[in-house]
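**Student:** Below are the sequence and a predicted model; questions follow.
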Amino acid sequence: MKRYVKASFDSSIPEWLKNKFTSSRYPNYAQKFVEKYGVALSDAEFLDSPSGRSITIYKIGNRVYIPGINDDEEIPVNGRWRKFKSIAKSKLPSLADDIVYVDLDSNQVEKGEPYRDPRYSYRHNPKGRYAGQYYDEGRDVWRTFAPSDEIRSRDKSGYQVPSPESQLRRYYQKFPEKITAKVDSIYNRILEVKDKVLAPDLINTPRDRNEEMSIGNAIYGLKDAIEGYRDLLSELKNFDELIKGDYSDYYIGKFSDEIKKISNNLDEAERRLTSRWL
């Protein structure tokens with residue numbers, strides 16, 4: 001049984017280009033691209049506008065033109081077949097249904113470095129070996145070629161599974177404003193819970209010995225949330241630098257854990273307003 005799987009790329013790659021690089025109909029397009037332009041496709045970002053020394057890739061109908069890779073492929077233009085390379089660059093944008101750019105100065109690999117299939121393990125074999133699953137017809141089961149020390153770090157197709165911390169790091173590095181949004185959100189929630197715990201109507205209500213709440217414990221939960229939030233603000237002063245350093249994954253994980261802890265403290269404060277014992 002043969003299965004076709006798609007290569008691992010940055011989420012910014014359009015689906016039509018991913019299909020071009022991974023389709024079995026187009027031999028070694030990914031490898032040819034890496035060899036010609038020296039860009040690591042697994043890390044490259046695919047942009048909506050040119051950046052630095054960029055290459056422009058075009059989607060024209062159901063075809064894709066990657067300059068320098070498939071120049072001799074032909075498409076019909078004004079009733080006759082034309083090779084991509086024979087079409088004037090000034091006319092390509094008007095023919096294209098979509099355009100994407102790749103910055104050739106970022107994510108460079110060493111010259112002459114061979115393309116490495118992300119589904120393969122190269123730890124024990126310089127030529128690489130497929131690290132995903134294969135079908136054992138004799139036993140009617142799926143097995144894996146992945147080395148024992150890599151099995152848990154790969155998915156069923158052999159692709160390495162990034163850690164949650166590394167995914168968050170890339171996310172926050174790309175969208176730093178999301179950090180501010182998270183902090184603002186937890187701050188606003190602190191104010192909301194504070195208004196519930198210290199509501200004038202609640203304070204001005206006579207105590208009932210049978211009431212099902214604990215204002216004191218609610219205040220403790222609120223206090224812990226406020227203190228955790230203030231500690232978080234202190235750490236965020238250098239957050240931009242921390243997530244670029246060698247321990248970036250640690251600090252990203254720590255940031256997420258602290259946000260979650262503050263949220264849990266606020267949950268606890270709200271629960272104590274409805275139950276004394278939970």
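**Tutor:** Cool, got the structure. Numbering: from 1, shown residues only.
**Student:** for the chain, where's the lowest mean pLDDT among helices and strands?
**Tutor:** The weakest-scoring helix or strand in the chain, judged by mean pLDDT, DSSP states H and E, is helix 164-174 (a mean of 61).
**Student:** Tell me which helix or strand comes right after it.
**Tutor:** Later in the chain than helix 164-174, the nearest helix or strand by DSSP states H and E is helix 177-197.
**Student:** which residues are contacting that next one?
**Tutor:** Residues from elsewhere that reach helix 177-197 (Cβ atoms under 8 Å, 6 or more residues apart in numbering): 171-172, 202, 215, 218-219, 222, 225-226, 229, 232-233, 236, 239, 255, 259, 262-263, 266, 269-270, 273. C-beta: built from backbone N, CA, C; applies to glycine.
**Student:** How confident was the prediction at the closest residue to residue 103 other than its chain neighbours?
**Tutor:** Spatially, and ignoring its direct neighbours in sequence, residue 103 is nearest to residue 51 (4.6 Å; Cβ to Cβ, 6 or more residues apart in numbering). Listed pLDDT for residue 51 reads 79.
**Student:** How about residue 120?
**Tutor:** Confidence score, pLDDT, at residue 120: 72.
**Student:** Just give me the neighbour total for the residue lying closest to it once chain neighbours are set aside.
**Tutor:** Spatial nearest neighbour of residue 120, excluding adjacent residues (Cβ to Cβ, 6+ apart): residue 128 at 3.7 Å. The number of residues packed near residue 128 is 15, by other Cβ atoms under 10 Å.
**Student:** One more: residue 219?
**Tutor:** Residues near residue 219, counting by other Cβ under 10 Å: 15.
**Student:** same deal with the one 3 residues further on?
**Tutor:** Under the neighbour criterion other Cβ under 10 Å, residue 222 is assigned a count of 22.
**Student:** any idea of the mean pLDDT in the strand or helix carrying it?
**Tutor:** Using DSSP H and E, residue 222 sits within helix 215-235. Here helix 215-235 scores 91 as its mean pLDDT.
**Student:** coming back round to it: wait, the residue nearest to residue 103 touches residue 104, no?
**Tutor:** No. Here residue 51 lies out of contact with residue 104, judged by Cβ atoms under 8 Å, at a distance of 9.6 Å.
**Student:** re the thing from before, so the residue nearest to residue 120 is in contact with residue 118, correct?
**Tutor:** No. Counting by Cβ under 8 Å, residue 128 stays clear of residue 118, with 10.3 Å between them.
**Student:** Mutual contacts of these two, please.
**Tutor:** With Cβ under 8 Å, 6+ apart, residue 128 and residue 118 have no common neighbours.
**Student:** Okay, the residue lying closest to residue 202 once chain neighbours are set aside and residue 198: tell me how far apart.
**Tutor:** With Cβ to Cβ, 6+ apart as the criterion, residue 202 has its nearest non-adjacent residue at 7.0 Å, and that residue is residue 215. Distance, residue 215 to residue 198, using Cβ to Cβ, to the nearest Å: 9 Å.
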